[in-house]
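**Student:** coordinates for the following, if possible.
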Amino acid sequence: MIHIVGLYKCGTSWLLQMLAAHPQVIAWREFDPLRTVFPLDHRPRRLPQLARDYLRRQPQHEAWITALESSYPCPAEQRFRDFFLGRGWLPLMGEDLQIQAAQLATDDLDPLIDQLLRMGDLRLRDERAPSLDPQSLQRPLGVQSIRRSDLKTLMTQVHRDGDATDSVLAFFAMLQAQIEPPTTLVTKAADQVMQLRHLQRLSPRSTCLAIVRDGRDAAISAQHYEALMRKRDAPWRVAGRGARRRALAWSVRAAKLAGHAERGEVTVLRYEDLRRDFAGTCRLLLQHLQLPCDDTVVESIRAATDFRVASGGRAPGESAEHIVRRGQVQEWRETLAPREAERAWRWMGAELTAFGYGRDGTLSPSNRVLTPC
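**Tutor:** Prediction:
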């Protein structure tokens, strides 16, 4: 398996689509069993210490990062509800549907599945359908590609298991049950880097991938995305955050990612390298993953994932109220006033430098990223 673990608003969906377009890969759209089963421990009793750490703002220190990534296993009932009625297995957009889902009984699984499918206007794959073949698939898959019997088995295991670890393993097994071997299976969760230690323990023979982007651009993208998700009443919407909190969120995760990269525990790409040299960066990634990477394969991936295709026909730089917004490099240079840019560098500079980003946005080589010569 290959797991795309982050970073948030840095191109994880593009990376997933690239791998989905490969003829030997099947990719699954975002679902985050790790954050569902091991949520970060930001309960009220920890807030005073986290607030003091926030004011000190020293994300480069291992103790700070360890404190922030501390998690706790969910109780079984909460885990089941978060898994299937919460943050996105069936992404119920709109507060009314989310209220209805919260009131559903979970003791009888067949009616529960029927109700969820009706609410999401979804159908599952036919029980008699053959295993999924990557040669005929070019896009990431979702719940519609799951057989009902496999979904019910997963629900039964999550409902019954007292061990949070078993719930995650059951989810991975359910995805494997859908595919025709030998096939490379890819999952994606844009903000899973904080639970990476759990993932390494549960999927030790897998490859972890991350994509990083200039944090100043990522923070601007996060601001627009969060506003769009609040407008759509998404299950994963967050309250409006200020510039400093968005900058800190990126820098903490980037610092953690840099540490994992230095230890060889995760392979990191840069968004800007894909924009600058898609063919070279894509080929290097496929070689690293030991997947075929001839010119025909790389060109087919480029054609399937080009910005115009993903955005519905827009050119890079054209803005829209869309999940795929602008696809622009160094947007921060035209968005941030000089004083704001200086403040962003003060907040993010150490982590930007670690991945080869300069104060003025220039790119330099970094031993933490996979970069074509």
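
**Student:** excluding its backbone neighbours, what's nearest Ser221?
**Tutor:** Using Cβ to Cβ, 6 or more residues apart in numbering and skipping residues adjacent in sequence, the residue nearest Ser221 is Lys9, 4.2 Å away. All C-beta spots, glycine's among them, are computed from the backbone N, C-alpha and C.

**Student:** now do the contacts for that neighbour.
**Tutor:** Contacts were defined as Cβ atoms under 8 Å, 6 or more residues apart in numbering; by that measure Lys9 touches 190, 213, 218-219, 221-222, 225.

**Student:** tabulate those in TSV, adding columns for secondary structure and pLDDT.
**Tutor:** Written out in TSV, the entries for the contacts of Lys9 read as follows (DSSP: H, G, I helix; E, B strand; the rest coil; pLDDT from 0 to 100):
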residue	secondary structure	pLDDT
Ala190	coil	82
Arg213	coil	96
Ala218	helix	94
Ala219	helix	92
Ser221	helix	90
Ala222	helix	87
Tyr225	helix	76
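
**Student:** of the residues you listed, which pair is most distant in space?
**Tutor:** Maximum pairwise distance in the contacts of Lys9, criterion Cβ to Cβ, is 14.4 Å, between Ala190 and Ala219.

**Student:** now render the contacts of Lys9 as TSV, adding distance to Gly259 and neighbour count.
**Tutor:** Rendered in TSV, the data for those read as follows (distance: Cβ to Cβ, whole Å; neighbours: other Cβ atoms under 10 Å):
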residue	distance to Gly259	neighbour count
Ala190	19	22
Arg213	18	26
Ala218	19	25
Ala219	21	27
Ser221	24	22
Ala222	22	21
Tyr225	26	18
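
**Student:** so where is this protein shaky, pLDDT-wise?
**Tutor:** Judged by pLDDT under 70, the chain has its weakly predicted residues at 42-65, 87-92, 161-162, 235-241, 310-326.

**Student:** any idea how far the residue nearest the centre of it is from Ala249?
**Tutor:** Central residue check for the chain by Cα atoms, centre = their mean: the C-alpha nearest the mean position is that of Ala190, 1.7 Å away. Between Ala190 and Ala249 the distance, using Cβ to Cβ, to the nearest Å, works out to 12 Å.

**Student:** return every residue with contacts to both of those two.
**Tutor:** Tyr8.

**Student:** number of residues surrounding Asp294?
**Tutor:** A count of nearby residues for Asp294, using other Cβ atoms under 10 Å, gives 9.

**Student:** hmm, I was thinking of Arg346
**Tutor:** Other residues within reach of Arg346, judged by other Cβ under 10 Å, total 11.

**Student:** gap between it and Leu363?
**Tutor:** As judged by Cβ to Cβ, Arg346 and Leu363 stand 20 Å apart.

**Student:** what do you get for Thr187?
**Tutor:** When distance is defined by Cβ to Cβ, Thr187 is 29 Å away from Leu363.

**Student:** how about Gln195?
**Tutor:** Using Cβ to Cβ, one obtains 29 Å as the distance from Gln195 to Leu363.

**Student:** swap in Leu209?
**Tutor:** Counting by Cβ to Cβ, the separation of Leu209 from Leu363 is 20 Å.

**Student:** and the helix or strand hosting Glu342, what does it pack against?
**Tutor:** Taking DSSP states H and E as the criterion, the element that holds Glu342 is helix 338-354. For helix 338-354, the packing partners by 3 or more Cβ pairs under 8 Å, 6 or more residues apart in numbering; DSSP states H and E come out as helix 215-231, helix 243-262, helix 332-335.

**Student:** could you redo the last one with a cut-off of 7 Å?
**Tutor:** With contacts defined as 3 or more Cβ pairs under 7 Å, 6 or more residues apart in numbering; DSSP states H and E, the secondary structure elements packing on helix 338-354 are helix 215-231, helix 243-262.

**Student:** so that helix versus helix 243-262, what angle?
**Tutor:** 10 degrees (axes from the mean of the first three to the mean of the last three Cα atoms, to 10 degrees).
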